[in-house]
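Asker: what would the 3D arrangement of this be:
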Amino acid sequence: MSSTSTTLGPTPAVPWRDDAKLIGLVGLAHLVSHYSQQLLPPLFPWLKEAFAVNYAELGFVLTVFFVVSCVVQALSGFVVDRLGPRPVMYLGLVCIAAACVGYSLSTGYWMLVFFAALAGVGNGVFHPVDFTLLNSKVSSPRLGHAYSAHGLTGTLGWALAPLLMTSVALASSSWRMALAVAALVPALVLVVLLLNHQRLAVEPRPASAAQDPGGLGFLKSPAVWTCFGFFFLFAMVLGLVQVFMPTAISQLHGVPLATMSLCVTLYMCGSAAGTVLGGFLANDPMHCEKVVATGFSVAACMALSLALLSVPVWLVPLLFVAMGFASGTAGPSRDLLVKQSTPPGSTGRVYGVVYGGLDVGQAITPLIFGVLMDHGQYRSVLLGLVVVQALLVFSAFRVRSVGRRQQAAAV
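Answerer: I've put the predicted structure just below:
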């Protein structure tokens with residue numbers, strides 16, 4: 001493991017316009033990644049009737065998506081390090097566009113599953129691609145803002161998909177039309193990236209044998225697996241907020257479900273605003289674990305109040321905004337923690353494995369907390385969220401501690 005200074009210095013400083021253009025292009029690609037994750041859930045009522053399936057079977061479609069994405073994410077990191085990020089990014093966008101068309105033409109449940117797997121292939125390439133581009137081409141003083149923009153565009157992708165799918169499906173009375181229209185977004189982004197292909201060029205930099213023997217030496221790094229665990233916990237928090245908190249809080253506090261759907265949107269808006277602030281807070285890499293810990297500590301306090309206190313209906317949306325904002329401030333510093341734990345020449349591989357924790361967490365969370373929901377243990381679901389957020393705080397310090405020990409051993 002190299003020292004922090006080595007790990008944090010990707011390139012000499014470049015004009016801010018060049019950095020901004022690259023960050024914008026990478027952000028567009030990341031938007032499509034998150035967009036692809038939320039295409040089917042808004043259409044579940046239509047799909048349930050069209051394919052005569054239940055919600056558990058539709059949930060399995062999403063599990064297939066995330067399991068495939070996890071595997072591809074880990075493997076694509078090796079391809080990115082060997083071939084460079086640009087062709088892998090293009091392939092991911094093509095897969096997502098093709099999956100959207102496939103969804104719209106599906107005549108049976110298993111066709112839907114197949115195209116979910118194809119969409120998972122497309123989604124799985126983006127984190128290794130994105131962070132290889134950002135870490136190798138954005139000047140160090142602007143990396144915090146780059147991570148902030150990256151997180152912000154992902155949040156916008158989550159917001160765009162439900163809005164577009166529901167609007168088109170209602171306007172056209174056709175879920176097939178909605179999914180066919182969905183293909184236009186990755187297709188248009190692909191055109192924009194092709195027109196700017198020179199800005200996405202990165203020379204492949206395979207690690208030397210001393211740095212990463214056999215290409216798998218990075219897997220021996222405790223920091224890599226500590227980061228994986230951190231992202232696993234982060235995905236559980238996100239899954240709980242997006243999937244189970246609306247129903248749980250509606251049952252506990254008598255908040256109408258329509259209002260709770262708005263609360264999830266407010267959480268995402270708060271998270272987006274927090275991510276912008278987090279870009280400035282991440283400018284000091286020596287304190288990034290403290291930023292992460294503070295953000296999730298505040299978010300845990302908000303969740304605990306919702307679990308244990310008698311909260312008036314009007315206060316619930318405000319608590320969601322505060323919880324989203326606090327979590328959002330931690331995002332850029334979270335990504336910087338991973339960068340500090342990345343051996344030189346292994347960016348794609350490390351981010352592929354580490355961010356695989358997101359897919360694993362999102363695949364497992366419904367299985368664990370769905371049981372509590374089925375048994376009406378709504379308070380336990382919220383307390384579970386508090387526990388996971390507390391573990392995130394501990395995990396942030398653990399990542400930094402392990403990374404520093406490895407850096408000291410490499411000196």
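
Asker: mind checking how far S401 is from L337?
Answerer: S401 is 11 Å from L337, where distance means Cβ to Cβ, to the nearest Å. Where C-beta positions appear, they are placed from N, C-alpha and C, glycine not excepted.

Asker: how far does the helix or strand hosting F115 sit from its chain's centre?
Answerer: Under the criterion of DSSP states H and E, F115 resides in helix 109-124. Distance of helix 109-124 from the chain centroid (Cα atoms, centre = their mean, to the nearest Å) equals 18 Å.

Asker: in that helix, which residues are buried?
Answerer: 109, 112-124 (16 or more other Cβ atoms under 10 Å).

Asker: what sits up against stretch 86-99?
Answerer: For stretch 86-99, the external contacting residues (Cβ atoms under 8 Å, 6 or more residues apart in numbering) are 29, 32-33, 36, 76, 79-80, 115-116, 118-119, 121-126, 128-129, 183, 186-187, 189-190, 193-194, 197, 200-202.

Asker: nope, stretch 324-336 is what I was after
Answerer: By Cβ under 8 Å, 6+ apart, stretch 324-336 touches 131, 143-145, 147-148, 150-151, 155, 230, 234, 237, 266-279, 281-282, 285, 288-289, 291-292, 294-296, 298-299, 302, 396.

Asker: try it again with 7 Å
Answerer: For stretch 324-336, the surrounding residues in contact (Cβ atoms under 7 Å, 6 or more residues apart in numbering) are 143-144, 147-148, 151, 266-275, 277-279, 281-282, 285, 288, 291-292, 295-296, 298-299.

Asker: how about stretch 301-310?
Answerer: Contacts to stretch 301-310, defined as Cβ under 7 Å, 6+ apart, come from residues I249, V311, L319, A322, M323, R379, L382, L383, L385, V386, Q389.

Asker: what do you get for stretch 66-75?
Answerer: Contacts for stretch 66-75 (Cβ under 7 Å, 6+ apart): 117, 120-121, 123-125, 127-128, 352-353, 355-356, 359-360, 362-363.

Asker: so which of S401 and L337 has more stuff around it?
Answerer: Per other Cβ atoms under 10 Å, whichever of S401 and L337 has more neighbours is L337, with 26 against 14.

Asker: does the more buried one count as helix, strand or coil?
Answerer: Assigned with DSSP: H, G, I helix; E, B strand; the rest coil, L337 falls in the helix class.

Asker: wait, it touches V291, no?
Answerer: No: contact criterion Cβ atoms under 7 Å: L337 and V291 do not qualify, at 9.5 Å.

Asker: flag the shaky bits of the stretch 151-300 of the chain, pLDDT-wise.
Answerer: Within the stretch 151-300 of the chain, the stretches with pLDDT under 70 are 203-220, 257-258, 261, 285.

Asker: how about 50 then?
Answerer: 207-211, 213-214 (pLDDT under 50).

Asker: equivalent analysis for the stretch 301-411 of the chain, please.
Answerer: In the stretch 301-411 of the chain (pLDDT under 50), no residue qualifies.

Asker: domain boundaries for this protein, per the record?
Answerer: Following automatic domain parsing, one finds the domains of the chain at 1-199, 218-411.

Asker: thinking again about what came up before, turn the buried residues of helix 109-124 into JSON lines, columns for pLDDT.
Answerer: Putting these into JSON lines (pLDDT from 0 to 100) gives the following:
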{"residue": "Y109", "pLDDT": "95"}
{"residue": "L112", "pLDDT": "96"}
{"residue": "V113", "pLDDT": "96"}
{"residue": "F114", "pLDDT": "97"}
{"residue": "F115", "pLDDT": "97"}
{"residue": "A116", "pLDDT": "96"}
{"residue": "A117", "pLDDT": "97"}
{"residue": "L118", "pLDDT": "97"}
{"residue": "A119", "pLDDT": "97"}
{"residue": "G120", "pLDDT": "95"}
{"residue": "V121", "pLDDT": "96"}
{"residue": "G122", "pLDDT": "96"}
{"residue": "N123", "pLDDT": "95"}
{"residue": "G124", "pLDDT": "91"}
